[in-house]
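Trainee: quick one, what's the 3D model for this:
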Amino acid sequence: MSSQMYDTIIIGAGMSGLAAGIRLAYYDQSVCILERHYTIGGLNSFYRLRGRDYDVGLHAITNFTPKGAKKGPLARLLRQLRFKWEDFALSPQLGSSVAFPGIELKFDNDLGLFENEIATHFPQQVDGFRRLVQQILDYDDLDETNFEGSAREFVSQHISDPLLVEMIFCPLMWYGNAREHDMDFGQFCIMFRSIFMEGLARPFAGVRLILKNLVRRFRELGGELRLRTGVEKIHVEDGKAVGVELENGTMLHAKRILSSAGWIETMRMCDDIDRIDASTAGKMSFTEAISVLNVKPQDMGHDRTIVFYNDSDKFHWQKCDGLCDVRTGVICSPNNFVYGEFDGDKAELPDGIVRITTIANSDKWMDLSEAQYQLEKLKWYDRTVESAVRFMPDFRSHVIDTDMFTPKTIRRFTFHDNGAVYGAPEKKLDGKTHLKNLFVCGTDQGFVGIVGTIISGISMANQHCLRDEP
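Mentor: Residues are numbered from 1 along each chain as shown. Prediction:
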């Protein structure tokens, strides 16, 4: 059994872990990132199937700001990691919408469009909406005092039409809410700003470009990245983490440990904790049906980048009883971003792509035999598409290839209990644990989305790993 000493060990090579590693390496810390999976990225990873590249979780990146912007999470991220805007090469959305029966509210990266849509369809609510926006602008991300308050209670103080309330919540919950039925007040404000006020974008090459740049920078700075290297235990002595034991028995020691594995998953590794209450784990997991088309969505008259749809006046955000709940979902068309030009030609994805996400029950997917699993994937792909084409042109005659990932896939890439995409409902905003030198970053710290998780890694590294130990 060998041993090695680092300033910081980071568990997980997702966006937050890689960002934290870069931040620490800039200050000459010896940093080792340990990743159990064979690839980087966690949920925001990628794979290749039948000659085509697929992103695991990427629909769009929130918190978009154009080149040259000095404010906002994206600008802060670039400064802290010392990247150029071109390193992420983000292309803004064409325009998205929230679609409920008989009504659609369009939005883009300018809040004015969404406000105009509300003024048109809900004229009696527009003044209340403006007051809501002002309070969201006044919200301080660093103020933890009312983060966990009810967002529904907050919105109801300004918006009286129940349908508009549901239409506002639908995209925010879909893109960043671990809590069933309601949403934390602080998370609501963060997601509202990131989607409706800053907006959506996508790197032309998908998530690979961001991950490639993060890993390259980390290694250039002397950081060590180990794939297929799972952590079996975090060893604790006298109230302090002293190191980790790997699945192969190797011991690594560090002054501090930063984990992006999730709160419950991290506590389960600590050898001073006998029992973990797994019931506190997040329950919201998804399936995603991916269709490759022989035409581009715009050729069929579909120019929306994202459509958040719901088939009734009430939006149901909860773990479903069956394998899937197709009453609500997200339609993403990666072709429908404003891509730039390369060598004088407009950049275009090689195929038409439609991605449709639905709520799923992780327990039921995990309990299937392999034969049942493959059969249910085929069934639910068909049911998911059938549900979605009520809100977009029917593309089924143009499909040339498909794939579908499930909570089982999410579990394989992230190792999160229940395949919980947004982690546990209770967030650890300060990143602290019961041990003075063990901290968490990533989804369970409280920031979600690609930009959010990167900011989480940066923030936790700044607060806990770049200061002298107490």
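Trainee: any chance you could map the helices in the stretch 1-150 of the chain?
Mentor: Taking DSSP state H, counting those that start in this stretch to define them, one finds helices in the stretch 1-150 of the chain at 15-25, 73-81, 111-121, 126-138.
Trainee: in stretch 315-333, what's buried?
Mentor: Neighbour counts over stretch 315-333 (16 or more other C-beta atoms under 10 Å) mark 315, 317, 319-320, 323-333 as buried. All C-beta spots, glycine's among them, are computed from the backbone N, C-alpha and C.
Trainee: in strands, which of those appear?
Mentor: Cys324, Asp325, Val326, Arg327, Thr328, Gly329, Val330, Ile331, Cys332 (DSSP state E).
Trainee: distance of the last one from Thr305?
Mentor: When you say that, I think you mean Cys332. Cys332 is 7 Å from Thr305, where distance means C-beta to C-beta, to the nearest Å.
Trainee: shared neighbours, the two?
Mentor: Ala60 (C-beta atoms under 8 Å, 6 or more residues apart in numbering).
Trainee: that older thread, ok, the ones in strands among the buried residues of stretch 315-333 vs Ser194, which is closest?
Mentor: Nearest to Ser194 out of those is Val330 (C-beta to C-beta; 15.4 Å).
Trainee: contacting residues around the nearest residue to that closest one once chain neighbours are set aside?
Mentor: Excluding the flanking residues, the one nearest Val330 by C-beta to C-beta, 6 or more residues apart in numbering is Thr357, at 4.4 Å. Contacts for Thr357 (C-beta under 8 Å, 6+ apart) come out as His59, Trp174, Phe286, Thr287, Glu288, Gly329, Val330, Cys332.
Trainee: now with 10 Å, please.
Mentor: Shown in contact with Thr357 (C-beta atoms under 10 Å, 6 or more residues apart in numbering): 57, 59, 174, 286-290, 308, 328-332, 384, 388, 405, 421.
Trainee: strands - which of those land there?
Mentor: Filtering these for strands - DSSP E - leaves Phe286, Thr287, Glu288, Ala289, Ile290, Phe308, Thr328, Gly329, Val330, Ile331, Cys332, Phe405.
Trainee: of all these, which two lie farthest apart?
Mentor: Phe308 and Phe405 (19.4 Å).
Trainee: neighbour count: the two, which is higher?
Mentor: The neighbour count for Phe308 versus Phe405, taken as other C-beta atoms under 10 Å, is higher for Phe308 (29 against 22).
Trainee: gap between that one and Gly419?
Mentor: The spacing between Phe308 and Gly419, counted by C-beta to C-beta, is 21 Å.
Trainee: care to break the protein down by domain?
Mentor: Split into domains by automatic domain parsing, the chain comes to 3-63+206-281+424-465, 107-198, 283-421.
Trainee: let me have these in TSV, extended by mean pLDDT and distance to Leu78.
Mentor: Listed next are the domains of the chain as TSV, based on pLDDT from 0 to 100; distance: least, C-beta to C-beta, whole Å:
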stretch	mean pLDDT	distance to Leu78
domain 3-63+206-281+424-465	92	10
domain 107-198	94	14
domain 283-421	93	18
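Trainee: which of those domains is buried the deepest?
Mentor: Each of the domains of the chain was scored by mean neighbour count; the highest is domain 3-63+206-281+424-465, a mean of 21, by mean count of other C-beta atoms under 10 Å.
Trainee: secondary structure class of the closest residue to Thr62 other than its chain neighbours, three-state.
Mentor: The shortest distance from Thr62 to any non-neighbouring residue, by C-beta to C-beta, 6+ apart, is to Ser194 (4.0 Å). Classification of Ser194 using DSSP: H, G, I helix; E, B strand; the rest coil returns helix.
Trainee: how about Ser194, what does it touch?
Mentor: Residues near Ser194 by C-beta under 10 Å, 6+ apart: 61-64, 72-74, 172, 175-176, 200, 447-449, 451-452.
Trainee: run the last query once more with 8 Å
Mentor: Contacts of Ser194 by C-beta under 8 Å, 6+ apart are Thr62, Asn63, Pro73, Gly176, Gly449, Val451, Gly452.
Trainee: distance check, it against His302.
Mentor: Ser194 is 24 Å from His302, where distance means C-beta to C-beta.
Trainee: and stretch 161-177, how far from the chain's centre?
Mentor: Computed by C-alpha atoms, centre = their mean, to the nearest Å, the separation of stretch 161-177 from the middle of its chain amounts to 17 Å.
Trainee: where do the helices sit along the stretch 201-350 of the chain?
Mentor: Using DSSP H, counting those that start in this stretch, the helices of the stretch 201-350 of the chain run over residues 207-220, 263-269.
Trainee: just put the ones you listed in JSON lines and tack on distance to Phe337.
Mentor: Compiled in JSON lines, those are given as follows (distance: least, C-beta to C-beta, whole Å):
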{"stretch": "helix 207-220", "distance to Phe337": "13"}
{"stretch": "helix 263-269", "distance to Phe337": "33"}
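Trainee: my guess is Leu466 contacts Arg23. True?
Mentor: Yes - contact status for Leu466 versus Arg23: in contact at 7.5 Å, counting by C-beta atoms under 8 Å.
Trainee: my guess is Ile257 contacts Phe439, does it?
Mentor: Yes - when contacts are counted by C-beta under 8 Å, Ile257 is listed as touching Phe439 (7.4 Å).
Trainee: quick one: end-to-end length of stretch 176-185, please.
Mentor: One end of stretch 176-185 to the other measures 12 Å (C-alpha to C-alpha, to the nearest Å).
Trainee: wait, I meant stretch 174-183
Mentor: Start and end residues of stretch 174-183 are separated by 11 Å (C-alpha to C-alpha).
Trainee: hmm, who's touching it?
Mentor: For stretch 174-183, the external contacting residues (C-beta under 8 Å, 6+ apart) are 59, 62, 150-152, 169, 172-173, 184, 187, 190-191, 194-195, 282-284, 308, 317-319, 328, 330, 357, 420, 422-425, 427, 443, 448-449, 452.
Trainee: and the host helix or strand of Lys379 with strand 324-332, angle?
Mentor: Following DSSP states H and E, one finds Lys379 within helix 370-388. Helix 370-388 runs at 60 degrees relative to strand 324-332, counting by axes from the mean of the first three to the mean of the last three C-alpha atoms, to 10 degrees.
Trainee: helices and strands around helix 370-388, which ones?
Mentor: Judged by 3 or more C-beta pairs under 8 Å, 6 or more residues apart in numbering; DSSP states H and E, helix 370-388 is in contact with strand 285-293, strand 324-332, strand 352-360, strand 399-405.
Trainee: who touches the first one?
Mentor: Going back to what we said before, that points to strand 285-293. Contacts to strand 285-293, defined as C-beta under 8 Å, 6+ apart, come from residues 52, 54, 319, 323-324, 351-362, 365, 380-381, 384-385, 395, 398-407, 410, 418-421.
Trainee: contact partners for the residue nearest to Leu18 when sequence neighbours are not counted?
Mentor: Leaving out its chain neighbours, the residue that sits closest to Leu18 by C-beta to C-beta, 6+ apart is Leu214, at 4.2 Å. Leu214 makes contacts with Met15, Leu18, Ala19, Ile22, Leu81, as judged by C-beta under 8 Å, 6+ apart.
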